[in-house]
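S.K.: let's see this in three dimensions:
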Amino acid sequence: MEKYIVNGGKPLRGEVVISGAKNAAVAILPATVLAGDVCVLENVPDISDIHYEIEMLKSIGASVERLGRTRLRIDTSTVNSAVIPHELGVKMRASYYFLGSLLSRFGEGNVPMPGGCDLGARPIDQHLKAFNALGASDELDYAMICVKAEHLRGEHIFFDTVSVGATINAMLAASMAEGTTILENVAKEPHVVDVANFLNTMGADVRGAGTDVIKIRGTRNMHGCTYTIVPDQIEAGTFMVAAAATKGDIWIRNVEPKHLESITSKLRVVGATVTESDDSVHVVGADRYTSTNIKTMPHPGFPTDLQPVMGALLCTAEGTSIITEGIWDSRFKYCDELIKMGASIQVNGRVAVFEGVEKLRPAPVKATDLRAGAALVIAALMAEGQSEIAEIQHVERGYVDIVKKIRALGGDITKVEIPEDALRKAY
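M.R.: This is a model prediction of the structure:
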């Protein structure tokens with residue numbers, strides 16, 4: 001097992017270059033199945049979730065070649081199976097995007113019930129609703145989700161709840177369906193727009209992504225392309241909060257400032273200085289922060305994936321801060337770990353109340369999920385002294401070279417290997 005050793009209390013200073021968006025990339029790799037051709041993807045984040053999806057693509061017959069650390073050549077002309085193996089699919093939630101792409105191209109898709117972070121109930125009923133509306137049937141067979149259709153036809157679909165995954169899966173399934181599909185009450189996140197742009201580059205006709213209504217005119221004439229994945233707004237937001245939390249000074253490069261408006265606004269409210277330019281943001285921390293209230297919502301609201309890292313900052317903000325989680329049921333597990341570091345937090349269902357303390361103190365903690373792990377890294381950088389963070393495999397599912405990037409900013413963080421017996425005793 002591996003863990004992070006963090007010696008905190010030092011401001012982070014310098015500049016960091018943001019990698020490609022995880023949430024876009026994990027949908028775009030399965031989408032290459034639609035091309036039946038060669039796609040070259042650039043700015044692909046080198047993270048474990050992408051490594052898993054590469055293995056999934058290979059398992060169904062695709063050829064995947066690395067042209068560089070962030071460039072992939074994917075040939076899906078040789079795909080000869082519509083079944084994602086159970087042992088691969090359960091490793092990450094985004095494996096369900098293969099349902100939409102395989103169904104669209106081959107008329108069937110078989111994917112295991114998805115894994116990923118434990119954030120409470122995360123049903124895929126809205127995905128299946130879209131597939132059914134397009135003419136597909138579905139069944140659960142030995143923990144495999146199986147969808148099948150003799151013929152997909154465009155349809156008017158209204159989602160009962162706003163879902164990023166269902167919106168993207170519906171776009172994938174409808175891209176090669178006969179006729180026009182209209183999707184309403186859709187997700188508008190930047191990575192939804194990026195997937196739509198990628199589909200259009202492959203020959204699809206997807207319009208309206210980023211608005212409340214998406215229209216898709218089906219086509220069978222999909223083809224390969226070269227495409228650059230959008231920068232990761234969550235990684236960018238994480239480093240923005242890290243700059244503020246450590247009272248540092250960081251230029252965050254290779255970003256879309258418009259995608260960061262909700263976090264920029266909150267950082268300014270609590271007292272940090274944020275300056276925007278064409279493709280970067282500059283965050284300068286303050287000596288003291290004031291409390292604020294946050295409610296996570298679908299884009300353009302405050303993103304749920306940045307809620308935990310903002311929670312770390314609010315631990316030492318003066319006064320009472322309230323975070324209301326509007327997306328997931330179990331996103332506050334990280335609060336128990338912050339309490340070990342001296343935070344004063346009360347959690348009641350989807351609401352967490354933070355009473356600002358003077359400072360956090362070092363402690364052994366463990367990452368309960370991807371974004372919780374990022375929050376604990378920031379908390380450890382805030383606390384003077386040595387902290388240990390276990391279960392770091394969660395963190396490395398979504399952040400490229402997080403140790404290297406933090407060290408380049410002056411942070412004292414090291415990844416070490418420890419025996420599992422020692423880990424169990426400590427945590």
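S.K.: please make it C-alpha for all contacts and neighbour counts, starting now.
M.R.: Noted.
S.K.: tell me where the model's unsure across the stretch 201-350 of the chain.
M.R.: Along the stretch 201-350 of the chain, no part satisfies pLDDT under 70.
S.K.: and Glu139, that one's in a helix?
M.R.: No. Under DSSP: H, G, I helix; E, B strand; the rest coil, Glu139 falls outside any helix and is assigned strand.
S.K.: show me what contacts it?
M.R.: By C-alpha atoms under 8 Å, 6 or more residues apart in numbering, Glu139 lies in contact with 145-147.
S.K.: that one and Gly89: what is the separation?
M.R.: Distance of Glu139 to Gly89, computed by C-alpha to C-alpha, to the nearest Å: 17 Å.
S.K.: what of Ile406?
M.R.: Taken as C-alpha to C-alpha, the span from Ile406 to Gly89 is 31 Å.
S.K.: the more surrounded of those two?
M.R.: Gly89 (26 against 22; other C-alpha atoms under 10 Å).
S.K.: so which of the contacts of Glu139 comes closest to Cys315?
M.R.: Of all those, Cys315 sits closest to Ile145, with 41.6 Å by C-alpha to C-alpha.
S.K.: the closest one touches Asp138, doesn't it?
M.R.: Yes. Using C-alpha atoms under 8 Å, Ile145 is in contact with Asp138, at 7.1 Å.
S.K.: in the stretch 201-350 of the chain, which spans are helices?
M.R.: Counting by DSSP state H, counting those that start in this stretch, one finds helices in the stretch 201-350 of the chain at the ranges 233-245, 261-270, 307-314, 334-340.
S.K.: tabulate these (a markdown table), appending distance to Ala21 and mean neighbour count.
M.R.: Formatted as a markdown table, those follow (distance: least, C-alpha to C-alpha, whole Å; neighbours: other C-alpha atoms under 10 Å):
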| stretch | distance to Ala21 | mean neighbour count |
| --- | --- | --- |
| helix 233-245 | 7 | 27 |
| helix 261-270 | 17 | 18 |
| helix 307-314 | 17 | 26 |
| helix 334-340 | 23 | 21 |
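S.K.: got the contact list for Pro419?
M.R.: Pro419 sits next to Met1 when contact means C-alpha under 8 Å, 6+ apart.
S.K.: gap between it and Lys3?
M.R.: The spacing between Pro419 and Lys3, counted by C-alpha to C-alpha, is 10 Å.
S.K.: likewise Glu337?
M.R.: Remark: distance between Glu337 and Lys3 (C-alpha to C-alpha) = 15 Å.
S.K.: returning to what we had before: and which of the contacts of Glu139 is nearest Val400?
M.R.: Ile145 (30.7 Å).
S.K.: distance check, that closest one against Ala94.
M.R.: Distance, Ile145 to Ala94, using C-alpha to C-alpha: 13 Å.
S.K.: same check, this time on Pro257
M.R.: From Pro257 over to Ala94 the distance is 26 Å, taken as C-alpha to C-alpha.
S.K.: ok, which stretches of the stretch 51-200 of the chain are strands?
M.R.: In order along the chain, the stretch 51-200 of the chain carries the following strands (DSSP state E, counting those that start in this stretch): 63-68, 71-75, 108-112, 137-141, 144-148, 156-158, 180-184.
S.K.: can you list the strands that the second one pairs with?
M.R.: Spelled out, that is strand 71-75. Strand pairing for strand 71-75, using DSSP bridges, gives strand 38-42 (antiparallel), strand 63-68 (antiparallel).
S.K.: average model confidence for the last one?
M.R.: Averaging pLDDT along strand 63-68 gives 97.
S.K.: Thr368 touches Glu391, doesn't it?
M.R.: Yes. Judged on C-alpha under 8 Å, Thr368 makes contact with Glu391 at a distance of 7.3 Å.
S.K.: show me which of these two is the more surrounded one.
M.R.: Thr368 (24 against 19).
S.K.: wait, is the more buried one part of a helix?
M.R.: No. Read with three-state DSSP, Thr368 is coil and lies in no helix.
S.K.: what's stretch 207-221 in contact with?
M.R.: By C-alpha under 8 Å, 6+ apart, the residues outside stretch 207-221 that reach it are 154, 171, 174-190, 192-193, 196, 203-206.
S.K.: take that stretch, keep the C-alpha atoms, and write them as PDB.
M.R.: Coordinates of each C-alpha in stretch 207-221 appear next as PDB, following Å, rounded to 0.1, in the frame of the first residue of the first chain:
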ATOM      1  CA  ARG A 207     -26.400  20.900 -31.100                       C
ATOM      2  CA  GLY A 208     -27.200  22.800 -28.000                       C
ATOM      3  CA  ALA A 209     -24.800  21.200 -25.600                       C
ATOM      4  CA  GLY A 210     -24.300  23.600 -22.700                       C
ATOM      5  CA  THR A 211     -27.900  24.700 -22.800                       C
ATOM      6  CA  ASP A 212     -31.200  23.200 -21.400                       C
ATOM      7  CA  VAL A 213     -32.000  21.400 -24.700                       C
ATOM      8  CA  ILE A 214     -29.700  19.200 -26.900                       C
ATOM      9  CA  LYS A 215     -30.800  18.100 -30.400                       C
ATOM     10  CA  ILE A 216     -29.100  15.200 -32.100                       C
ATOM     11  CA  ARG A 217     -29.600  14.300 -35.800                       C
ATOM     12  CA  GLY A 218     -28.600  10.700 -36.200                       C
ATOM     13  CA  THR A 219     -26.000   9.700 -38.800                       C
ATOM     14  CA  ARG A 220     -24.300   6.500 -39.800                       C
ATOM     15  CA  ASN A 221     -21.300   8.400 -41.300                       C
END
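S.K.: tell me which residues of that stretch come out buried.
M.R.: Under the neighbour-count criterion of 16 or more other C-alpha atoms under 10 Å, stretch 207-221 has 207, 209-210, 213-219 buried.
S.K.: which pair in those spans the largest distance?
M.R.: Across the buried residues of stretch 207-221, the longest distance by C-alpha to C-alpha is 21.4 Å; it joins Gly210 and Thr219.
S.K.: whichever strand or helix holds Lys415 pairs with which strands, parallel or anti?
M.R.: Applying DSSP states H and E as the criterion places Lys415 in strand 412-417. Using DSSP bridges, the strands paired with strand 412-417 are strand 2-8 (antiparallel).
S.K.: CA atoms of the strand it pairs with as CSV?
M.R.: Only the C-alpha atoms of strand 2-8 are listed here, as CSV (Å, rounded to 0.1, in the frame of the first residue of the first chain):
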residue,chain,number,x,y,z
GLU,A,2,1.1,3.6,-0.6
LYS,A,3,0.4,6.7,1.4
TYR,A,4,1.3,10.4,1.3
ILE,A,5,3.6,12.0,3.9
VAL,A,6,2.9,15.7,4.1
ASN,A,7,4.8,18.3,6.1
GLY,A,8,2.5,21.2,6.1
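S.K.: I'm done for today, thanks for sticking with me.
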